[in-house]
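In: got a predicted structure here, sequence first:
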Amino acid sequence: MKKMKIKKLTLVKYDYDKFPEEWKKENPNPFKDMTFMYIGEIENMKGHAYLQCMKTGKPIILHIENIIPLTDDEL
C-alpha cells in the first residue's frame, strides 16, 4: 500500500475503519467524532504525528498510518 503524505495543518481523523471487524468488537474507537489538526511528523519519532484536537485543543501523538485527511463532505 502506498504511504499517503499529509500536508501540515490538514484536518484529519483517526482511521478506525481500516482495522479488522473482530478487533473493533473488543476495541471501541477512542477518537470517535474527534477532528485533529495535523501539525507535522515528530522529527525524533519517525512515523509519528503531532496532532491537536480541534474540540479541546489538547495535543496528541498517533502513528501517521492511523490518520487520514477529512473528505470534502466531512469539512
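Out: Thanks, I have it.

In: excluding its backbone neighbours, what's nearest Asn66?
Out: What sits nearest to Asn66 in space, not counting adjacent residues and going by C-beta to C-beta, 6 or more residues apart in numbering, is Asp15, at 5.5 Å. (Each C-beta comes from the backbone N, C-alpha and C, glycine too.)

In: and that neighbour, what does it touch?
Out: Residues near Asp15 by C-beta atoms under 8 Å, 6 or more residues apart in numbering: 65-68.

In: now swap in Lys13 and tell me
Out: 31, 34-36, 67-68, 70, 74.

In: one more: Asp72?
Out: With C-beta under 8 Å, 6+ apart as the criterion, no residue contacts Asp72.

In: for the residue with the largest distance to the centre of the chain, which three-state class applies?
Out: Going by C-alpha atoms, centre = their mean, the residue of the chain most distant from its centre is Glu22, 20.9 Å out. Following DSSP: H, G, I helix; E, B strand; the rest coil, we place Glu22 in the helix state.

In: many thanks, I have nothing further to ask.
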